[in-house]
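Peer 1: Build me a structure from this.
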Amino acid sequence: MASSSKVESDSEDEALDEEVEHFDDFTLASSWERFISEIEAVCRQWMSDGPKNLLEKGAVLLEFSKNLYKVKFELKYALKSYLMEYYFEKSNTDDGKVSDWNFNLHDLQLCFGVKDFLVIAPQSASGVVLDAPESSKLLSAVAIALSNCSSLLPAFVPVHDPSRKAYIGIQNRGTVFTRRFESDHIGSQVPVKLMHLEGLYELFVSKFAYSTLDISVHLFKVHFTMKLTYRTLSFDDDNDVQETDAEMTESGGNPASDIYSKAQWDDDCPWSEWYSAEDPVKGFEVIAIWSEKMVESSSEMAELENASPHEAEKWILFPIFSENLTDGSKGNQIGFASQLHFLVDALDMSFEAQFMEDFVSAVENQGPDNLTTSMVIPPPTVIDRMLKELFHEGVQEPNFAKGEHKNSRAIKGAPLESLFAQFCLHSLWVGNCNIRAIAVLWIEFVREVRWCWEESQPLPKMPANGSIDLSTCLINQKLQMLAICIESKRELNEDYQDCIGSMDQASPHKKEDDPFGEDSDSSIMLTPGENFDGKRDSPSKPDDLHGSGTTVSKFSSEPEHMVLADPKPSDCIRRGSAGVVGSMMLLKSHQRMHAPFTQDAPLMTEDMHEERLRAVEALGDSFNFSAQLEKEILSTDMSAFKAANPDAIFEDFIRWHSPGDWEIDDTQEKRPIKRLAMEDSNNDWPPCGRLSRRMSEHGNLWRKIWNDAPALPASEQKPLLDPNREGEKILHYLETLRPHLLLEQMVCTAFRASADALNQTSYGGLKQMATKMEQLYLTMAPSLRPLQANRLSSGSEIIDDLRRLCGVLEHVEKLLTVAASLHRKFLQAPRLSEAIFSDYYIFFLPRMGTASVGDNAQMDFDKKQQVRIHERPVVSNMFTLPTANQSWRKVLSMGNLLNGHEPVLREIIFSIRDRVSDHYAAHVPSVYQQEIETYRMYTCGTSNDLRVALSVVSCD
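Peer 2: Model prediction:
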């Protein structure tokens, strides 16, 4: 190359370098030499680039590893194409070794203990070299090329049949040593000797010991480490049930009805009432690792084979999850989300008819075109069974707070335990939730509701008291109103029957005891103070007469004027009193004020409130808006107050009903306190104060109502709520409800009830699951809100939003089954369940809320957890003794049993290390020597197969 002094410019220097780089050496006469040269050039380029530049040039990260990358290059030789791959780790170290039991190792790293390496193989269907001379020549070419590069990388060539996973390889260890690799696999008929640790130990020793020695009686110091993998039986194996059934049948039991249900893993889960979910945790693998130790004889290996896995230094737990969790196309996914998909489809079709009956008779009457015979109507037996579950299995008071999330009420549906919510959940499972099946069930449901009304039977799963919950859907409000009407109707009927019965019982006594006979019957009547429920108000007397037997009439306009003559009976009777109101006194008489029994405010559903507001707004009297709205209630309260306080005036009612409208002068604020201490003193009477400005205005509506209100106790007043009228109106609403209005409320309620049912699941302290459930409610509320505004139409975008919401719920439902399954399996080791779920949550998170998985999402779950010493009994208890009915039992041929289970995989590494020098001198000081593995053998397999990988360092 020309010297730098002769270069005139940087551009000329780069041109010269370009010429040298592309120089063709025509001394390479043969194609094999050209092949070696091409391999050498590629290897030089890879080594000069280094890991950092190779990553920038597109090196690919292997799926199973976090640190192992791969680059490749295509080569041609003798009309054949080869692919050379370079595997390297991003964080490289000088020793070139990897830990023995790293779970992210490549197969060749594990077999031969190498770190970075090359693999060259033909580009064929098998990807292996089937011809021994070809493989040797190919490996030699790579070895020469690496030697020319002064590279210490090991190189491998796959050989034989692909199922054998056989390789040969070579590595230059400097100027003196060469390391050779070879591996092969026995797929059947493993020699009995090699099934045991003794035979494997002797196989390794035979690679370096003299053939004439008796290995069994000589001592050879060998480094030994072992990893055993155990696998539990599948948790949803039906053979457990079959075996139990057989035992029960022999003892005369009934296995079909009792035992099978107990065998399901989710029997105590809240969704088990509706469906049985597949156990997402199919099993566990337990990896027991014995750390490296020195063994010297076959007898030590025999002792190790009899050792318990509990003696291993480390346990690693690997959960096996169902493929259906990540691949929705596999298996039969049954759950709330899958059925809600069908319900949304039914909502989309609900606009095609005016009444629900139209869907039932659609086929016969040539109804909507989309209604085909494939929409099966369930048989009457199925409908009868569902109605029995809804109406005749328990009428106890429902607990609406059960399972309700704090954000549940943001969804305008019905509570989980309510009648309509249970109807919606039953609808999900009838006839695949098609619109015709829903119509049949709804019609029968309304008929049962009418029967309860006509027969005055309590409406199940609905409270018959309290106020109407306006945060729920309108149908639930109507059913709650109907339940109250039924209860009021029953009480009226019972009171009437009691009244008639008491009169019938009283007549014979009068006929026997009264000499006047039948003429005296006309005097038998209820007193004005007697209620239908048997309560009776006794007439009150003035406090200063001390029970003299005389009664008090109304006072005149002046408080001191009292009429002591016997008044008319109607004027002296106090009726409907609930008791004295503290120390309050009436303004016009020296009598205690009595609180009356009043009627409850009339209950109204959401549509009744809206109707009443529209009517009031139509009056145009905004000043008296509130008074108009409450006029009927106010009138009944005033009538009851007059009956309980015959001498009361309007001001007394205001003091009791609206204390804020009774004003007391500042100079007289302390008088009521004095009056409390001297209740019987005339000096503190009459009470002081005046009406507020609002109540003192001329033409005040309250005073007008007071003047018009008669003195009637609540028992004699016209009810504010007419149960018969309101009940019939509710039934008319249910019977004529438009299909899309019904389906809109069903969708909201079904989503809320499904989420509330899932929210009852016990999953321990898994915080991610609690957060995801809360996010689910926050996602559902805005998605379902358009259904409450009645703005939905057929083919609306809202339907697509609801289908996407079903997908979100499906992912949460899957994740919840994982949480529940892990919690049940690790009740005594909660740390493990939390750690495993946390790993799976991170793995599953990219799939949540989306129909497809992104390119960067991990396809297989591979996280493992280390088991602590105190957690090992919990894990080992999962390995129940296998039975003959579960699978055919092979003869146990391997040791190290875990509760009767032999390892499904046994991996062992034998090695010998020597201190050597890479110099040719005969005597080299020890300071220049290094310890290397001169012999290493990796074995992997069971009693049915065995794989052996051997690496030997030799001196050239």
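Peer 1: Name the residue closest to the centre of this protein, please.
Peer 2: In the chain, the residue lying closest to the centroid (C-alpha atoms, centre = their mean) is residue 816, at 3.2 Å.
Peer 1: per-residue confidence for it?
Peer 2: For residue 816, the pLDDT comes out at 95.
Peer 1: now the helix or strand where residue 46 lies, how far from the centre of its chain.
Peer 2: Using DSSP states H and E, residue 46 maps to helix 31-56. Distance of helix 31-56 from the chain centroid (C-alpha atoms, centre = their mean, to the nearest Å) equals 53 Å.
Peer 1: List the buried residues of that helix.
Peer 2: 35-40, 42-43, 46-47, 51, 54-55 (16 or more other C-beta atoms under 10 Å). Where you see a C-beta, it was placed from the backbone N, CA and C, and this is true even at glycine.
Peer 1: so who does the nearest residue to residue 788 once chain neighbours are set aside touch?
Peer 2: Nearest in space to residue 788, with sequence neighbours left out and distances taken as C-beta to C-beta, 6 or more residues apart in numbering, is residue 412 at 5.0 Å. Residues in contact with residue 412 (C-beta atoms under 8 Å, 6 or more residues apart in numbering) are 471-473, 748, 784-785, 788.
Peer 1: From those, which shows the smallest pLDDT?
Peer 2: residue 788 (80).
Peer 1: Thought residue 748 was touching that one, still the case?
Peer 2: Yes - Residue 788 is in contact with residue 748 according to C-beta atoms under 8 Å; the separation is 7.1 Å.
Peer 1: and the two? which has more neighbours close in?
Peer 2: Neighbours per residue (other C-beta atoms under 10 Å) separate residue 788 from residue 748, with residue 748 holding more: 24 against 16.
Peer 1: For my notes, confirm the more buried one occurs in a helix.
Peer 2: Yes - assessed with DSSP: H, G, I helix; E, B strand; the rest coil, residue 748 lies in a helix.
Peer 1: I'd guessed it sits against residue 420; true?
Peer 2: No - using C-beta under 8 Å, residue 748 makes no contact with residue 420, being 10.6 Å away.
Peer 1: what is in contact with the two at once?
Peer 2: Common contacts of residue 748 and residue 420, defined by C-beta under 8 Å, 6+ apart, comprise residue 473.
Peer 1: ok so, going back, which among the contacts of residue 412 gets closest to residue 438?
Peer 2: Closest approach between the contacts of residue 412 and residue 438, by C-beta to C-beta: residue 748, at 14.8 Å.
Peer 1: What separation is there between that closest one and residue 805?
Peer 2: Applying C-beta to C-beta, to the nearest Å, the value for residue 748 to residue 805 is 11 Å.
Peer 1: what do those two both touch?
Peer 2: Common contacts of residue 748 and residue 805 (C-beta under 8 Å, 6+ apart): residue 784.
Peer 1: roughly how far out does the top strand by length along the chain sit from the chain middle?
Peer 2: In the chain, with assignment by DSSP state E, the single longest strand is strand 281-295. Put simply, strand 281-295 sits 33 Å off its chain's centre (C-alpha atoms, centre = their mean).
Peer 1: What is the subsequent helix or strand relative to that strand?
Peer 2: Immediately after strand 281-295, counting by DSSP H and E, sits helix 298-305.
Peer 1: After that next one, which helix or strand is next?
Peer 2: Sequence-wise, the next helix or strand downstream of helix 298-305 (DSSP H and E) is strand 314-321.
Peer 1: contacts for that next one?
Peer 2: Strand 314-321 has contacts (C-beta under 8 Å, 6+ apart) with 103, 231, 280-289, 291, 309, 818, 822, 832, 836, 840, 861-867, 872, 875.
Peer 1: That strand vs strand 281-295, what angle?
Peer 2: 160 degrees (axes from the mean of the first three to the mean of the last three C-alpha atoms, to 10 degrees).
Peer 1: Need the nearest residue in space to residue 448, chain neighbours excluded.
Peer 2: In space, residue 448 is closest to residue 391, 5.1 Å off (C-beta to C-beta, 6+ apart).
Peer 1: let me fix that: residue 736
Peer 2: Distances taken as C-beta to C-beta, 6+ apart put residue 355 closest to residue 736, at 7.2 Å, once the chain neighbours are dropped.
Peer 1: Which pLDDT does the model give the residue nearest to residue 126 when sequence neighbours are not counted?
Peer 2: Once flanking residues are discounted, residue 126 sits nearest to residue 162: 5.2 Å by C-beta to C-beta, 6+ apart. Note for residue 162: predicted pLDDT of 84.
Peer 1: who touches stretch 868-880?
Peer 2: By C-beta under 8 Å, 6+ apart, stretch 868-880 touches 230, 232-233, 284, 286, 309-310, 315, 317, 825-826, 828-829, 831-832, 867, 898-901.
Peer 1: Which of those residues fall in strands?
Peer 2: Among these, the ones falling in strands (DSSP E) are 230, 284, 286, 315, 317, 867.
Peer 1: Write the ChimeraX selection for whichever of those residues are buried.
Peer 2: Listed next is the ChimeraX selection for buried residues among the ones in strands among the contacts of stretch 868-880, using 16+ other C-beta under 10 Å:
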select :230,284,286,315,317,867
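Peer 1: which among the ones in strands among the contacts of stretch 868-880 gets closest to residue 196?
Peer 2: Nearest to residue 196, judged by C-beta to C-beta, of these is residue 230 at 17.9 Å.
Peer 1: That closest one and residue 285, how far apart?
Peer 2: Counting by C-beta to C-beta, the gap from residue 230 to residue 285 is 7 Å.
Peer 1: What of residue 391?
Peer 2: Distance of residue 391 to residue 285, given as C-beta to C-beta: 50 Å.
Peer 1: Looking at these two, which one has more neighbours?
Peer 2: residue 391 (20 against 16).
Peer 1: Enumerate every residue touching that one.
Peer 2: Taking C-beta under 8 Å, 6+ apart, one finds 448, 452, 460 in contact with residue 391.
Peer 1: Residue 220 now?
Peer 2: Taking C-beta under 8 Å, 6+ apart, we find residue 220 in contact with 205, 209, 296-297.
Peer 1: for residue 284, same thing?
Peer 2: 231-232, 317-320, 875, 878.
Peer 1: can you name the two of the ones in strands among the contacts of stretch 868-880 that are farthest apart?
Peer 2: 230 and 867 (11.9 Å).
Peer 1: which residues are common contacts for the two?
Peer 2: Residues touching both residue 230 and residue 867 by C-beta under 8 Å, 6+ apart: residue 286.
Peer 1: re earlier: could you report the distance from the residue nearest to residue 126 to residue 361?
Peer 2: If you go by C-beta to C-beta, the gap between residue 162 and residue 361 works out to 64 Å.
Peer 1: go on, residue 662?
Peer 2: Applying C-beta to C-beta, the value for residue 662 to residue 361 is 65 Å.
Peer 1: ok, those two, which is more surrounded?
Peer 2: Under the criterion of other C-beta under 10 Å, the comparison of residue 662 against residue 361 puts residue 662 first, with 18 against 14.
Peer 1: give me every residue that touches the more buried one.
Peer 2: Counted by C-beta under 8 Å, 6+ apart, residue 662 has contacts 651, 654-655, 689-692.
Peer 1: And the strands in the stretch 101-250 of the chain?
Peer 2: Secondary structure of the stretch 101-250 of the chain by DSSP state E, counting those that start in this stretch: the strands cover 117-122, 155-159, 166-172, 177-186, 222-231.
Peer 1: deepest of those strands, which one?
Peer 2: Greatest average neighbour count among these goes to strand 155-159 (a mean of 25), per mean count of other C-beta atoms under 10 Å.
Peer 1: helices or strands next to that strand in the packing?
Peer 2: With contacts taken as 3 or more C-beta pairs under 8 Å, 6 or more residues apart in numbering; DSSP states H and E, strand 155-159 sits against strand 117-122, helix 132-148, strand 166-172.
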